[in-house]
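Colleague: fold the following and give me the result.
(2 chains)
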Amino acid sequence: MQEIIALAAKDLRLLVRDRAGFFFVFFFPLVYCMFFGAIFSGSGGGGMVSAMKIAVVDEDGTDGSREFIRTLEEAEELAVTLTDRATARNAVRRGKLVAFVILPAGFGESVANPFGGGMPRLETGIDPSRRAEAGMLQGLLTQYTYLTIKETLTDRTKMKTLIADSLVGIGNNEELDPVMRTTLQLFLPALDSFITNLPEGDGGLGGSFGQVAIDQADVAHEETGENPTSSYDISFPQGMIWGLIGCAAGFGISLVTERTKGTLVRLRTAPIGRGRILAGKALACFSTTVTLQIMLLLIGWLAFRVSPNSLALAGLAIISASLCFVGIMMFLSVLGKTEQAAGGIGWAVLLILAMLGGGMVPLIVMPGWMQSLSHVSPVKWAIVAMEGAIWRNYSFFEMLFPCGILLGVGVVCFVIGVRAFSWAQEG
Amino acid sequence: MLCAVYNGKPAMLCLNQLRKTFGTLVAVDDLSLEIGRGEVFGLLGPNGAGKTTTVNLAVGLLAPDHGTVTLDGGGSPTDPKVRAKIGVAPQALALYDELSGEENVAFFAKLQGLTGRMLAERVRWSLNFVDLWDRRGDRMSTYSGGMKRRLNLAVAVVHDPPFLLLDEPTVGVDPQSRNAIFDNILVLKEQGRTVIYTTHYMEEAQRLCDRVGIIDQGKLLALDTVDELIAAHGGKSVLTVERTDGEVSVETDDPLAELDKLRQQGELLRFRVDRPDLERVFLNLTGRHLRD
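Modeller: Numbering: from 1, shown residues only, chains lettered A, B, ... in the order given. Predicted coordinates for the structure are as follows:
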C-alpha cells in the first residue's frame, strides 16, 4: 500500500505544481459554478428576475392612464421610462430598450368604463431581436390592465357610479345593437340591485369580483426539498462535473506522459506489479476528484446556500461519480500514443459526453431525441445523482439507479483501459 | 544451460539463448552470456544493434520469445524480490521535471520499499554520491544535462542494489560530469557491485569494463576482455615514418623492430605508432557503413 500511496502523492504533487492543470481541475469548475449560477439567478426559486426595460408614452394624459403607468412602475418585472413616441421608438430601434408601450387617447376612459363598449387599447413595439420577451410583455400588460379595471369593479361606490353612467351612455348610444341595449338595460339595474343588497363589509367587492384564483403550487425547497432554491443548486452539480472531466483528462494524459517520458519504464523496474502502478494513478485521480467535489460543495454551501438534502447521499454521489471518472481516465489513457493525441481524443470524447449529458446545456432545453440520447452519457447520471442529493430529495433507493450506472460505467471503462494499457506496453 | 558459477565466482546474470522479435524485426537473436558478480560488463553496439532490448530482457521489462534470463543464482527478473536487486538508469532521463532532486530520489526509493530512517539515509547517501546534495531542493527542470544524468544514477543506486544496469549513462553530458560518472562507477565497482554498461563511447568501455561484449543485429559478435578483443580483432599496429623522400606506413606486430629496420634504410625525420584499440575492434566487427 505504501507504494500506491507514494505513486498517488507524487501525482498530486505534480498536479499542484502544474499551474495550468491545477487551474482547470480546481478553479475552472468553481468559475463555472459561479458564472452560470449568476447568469441564471432568475430561473431558480430564490433569484431575482432582471427587469425588462421598456419606454411608456402617455398620449392620453388622464387620471386613468397615469394610474396605469403607476401600476407599471411598481411592477418588479418592468423598468419603466416615460418618454415621447419618437424617443421611445428610437431607443427600441437602437436596442437600448426591449419595447415601448403607447397609451393612446381614450385609454383612461376605456379602463374606467369597461361597460362603455370599448376595450382598452395599447400600442406596443418590440425589439425584433427580443421576440422571446414579446409574449411576456403582452401577458404583463394584460395583467396590469385587468388589475386597473379590477380597482373599479371591486369598489362598491365606484361600481354603482359606473353602472349609473353606463345606463345613461347606453341610452344615448344610438349605434348600439338593440338586443345588446335591451340586455344591458336589464342586466345593469339587476347588478346594481345585487350590489346594493350585499351585506355591508369593508366596502369592497373583492370576494365577489376577484379574478379566477389559479393557485400555483409553490413546491418550495423549505417544504418538500424538491425544487432548487437558487440557480446555484443547478450550476454547482454541473461545475462539479467539469471538475471530474478535468481530472479524467489530466490524469489520463499524465499516464501517457509517463510512457513517453520513460518514467513508466522506471516504475516498471521497481519491485511492484503493473496493477499497483495503475492503482496509484487511480488513487491520485480519485482523491483529487473527491477533494474537488467536497471543496465545491463547501464553497457552494458557505457562499451560495447550496445545501444538500442529505450529506450521506451527497457522499454516495461524489464517490460514485469519482469512481466512474477514474474508470474513464483509465480508458482515455489508451486512446492515444502521445500526450497530444490522448489529450485531443480524450477532450473530444469528454466534450461529447458533456454535451449529451447536460454538462453544457441543461437537458430540459434539449429536443426529445437528444434527451433520450443523453442516457448514454455518464455526465447525465452524475448530474442526476448530484442533484438527487442536493435538491431533488432522492431517497437512498432512488439514488441507487444513477449511482449504479456510474459505478458500472467506471468499472467497464477501467477494465477496458487496463487491458488496452497492458497491450500497449507489450506492443 | 546452468550458469550459477562464472569464472570461479557465482554468476549475477545469465542470458541463455535469448531471442526477441518485434514483428519481422529480430532484435535479439540467440544471445547467450554470463556476467559474474562484481564485474563491470560493457555492452557495445551500433544504433539499433539490440543493446536496449537486451537490457530490457535482462531486467524483465520484456519477455523473451525464446530463452531464459536468470539473475542472482536462478531468480527471474519478473519476480519482485529479484527485481529489488536491480538498479536501472535508463537511457531516457526517466525522472519528473517538476519534482526536486530529493523528491525524485525519495519517490523511487519508496517504490523500492524504503521507509523511515533508512529512506532518509539512502536518499542522502545517493545524492551525496553523485554530488547533488547541495542542489537537492531544486526542481529537476532547473538542472543541467550533466546533473540530470547524475540524478538518474542516484535513483538507480538509492536502494543499494547489487546489480546495476546503466544504459548509456553519459549521453549528452559535459566532460566534468562524465568524469564524475566514471568515478561513481569505479566506486560502485570497488564496492563489489555488478554493472552492465551500454555505451557508444569506446574509450569509456576501455577505461571501465572488465569485459566487453559487442553486439550487432541482435547477435553477440565478440565477448572478452578489452585486451583479448584487441588482440583477436584489432589487427596490427601501424608504424608511420616521415623521411626526406616522403611518408611510409607499415602494419606490424613489432613496431620497434620495424622502426629499427626502417632507420637502417635511411634518415628518419619523425615516426608515429597507432596501436589497435577497441574502436578499431568495433569497426572491424560491425563494419564502417552508417547506421541511421
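Colleague: the longest helix in chain B is where?
Modeller: Ranked by residue count and defined by DSSP state H, the top helix of chain B is helix B:175-190.
Colleague: ok, then the element right after it?
Modeller: strand B:194-199 (DSSP states H and E).
Colleague: that next one pairs with which strands?
Modeller: strand B:40-44 (parallel), strand B:163-167 (parallel) (DSSP bridges).
Colleague: picking up where we left off before, avg pLDDT for the longest helix of chain B?
Modeller: Looking at helix B:175-190 alone, the average pLDDT works out to 86.
Colleague: how far does it sit from the chain's center?
Modeller: Taking CA atoms, centre = their mean, to the nearest Å, one finds helix B:175-190 lying 12 Å from the centre of the chain it belongs to.
Colleague: ok so, going back, of the strands paired with strand B:194-199, give the one that comes closest to A:D165.
Modeller: Minimum separation from A:D165 across the strands paired with strand B:194-199 (CB to CB) falls at strand B:163-167, 107.2 Å. Where C-beta positions appear, they are placed from N, C-alpha and C, glycine not excepted.
Colleague: ok and that closest one relative to helix B:175-190, angle-wise?
Modeller: Strand B:163-167 runs at 160 degrees relative to helix B:175-190, counting by axes from the mean of the first three to the mean of the last three CA atoms, to 10 degrees.
Colleague: using PDB, write out the CA atom coordinates for strand B:163-167.
Modeller: In PDB, the C-alpha atoms belonging to strand B:163-167 read as follows (Å, rounded to 0.1, in the frame of the first residue of the first chain):
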ATOM      1  CA  PHE B 163      23.200  -5.300  -9.800                       C
ATOM      2  CA  LEU B 164      23.200  -2.100 -11.900                       C
ATOM      3  CA  LEU B 165      22.200  -1.600 -15.400                       C
ATOM      4  CA  LEU B 166      23.400   1.700 -16.800                       C
ATOM      5  CA  ASP B 167      22.100   2.400 -20.300                       C
END
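Colleague: what average pLDDT does it get?
Modeller: 90.
Colleague: in that strand, what's buried?
Modeller: Across strand B:163-167, burial judged by 16 or more other CB atoms under 10 Å in any protein chain shown covers B:F163, B:L164, B:L165, B:L166, B:D167.
Colleague: got the domain ranges for chain A?
Modeller: Using automatic domain parsing, the domain ranges for chain A come out as A:2-41+A:230-420, A:52-218.
Colleague: touching stretch A:407-420 from outside, list them.
Modeller: Residues from elsewhere that reach stretch A:407-420, judged by CB atoms under 8 Å, 6 or more residues apart in numbering or on different chains: A:278, A:282, A:320, A:323-334, A:378, A:381.
Colleague: just to revisit the earlier point, from the buried residues of strand B:163-167, which is closest to chain A?
Modeller: B:L165 (8.5 Å; CB to the nearest CB).
Colleague: so which of the strands paired with strand B:194-199 gets nearest A:G243?
Modeller: strand B:163-167 (40.2 Å).
Colleague: residues making contact with the closest one?
Modeller: By CB under 8 Å, 6+ apart, strand B:163-167 touches B:12-13, B:51-52, B:55, B:58-59, B:71-72, B:85-91, B:153, B:156-157, B:185, B:188, B:193-198.
Colleague: buried only: go through those for me.
Modeller: Among the contacts of strand B:163-167, the ones that count as buried by 16+ other CB under 10 Å are B:12-13, B:51-52, B:55, B:58-59, B:71-72, B:85-91, B:153, B:156-157, B:185, B:188, B:193-198.
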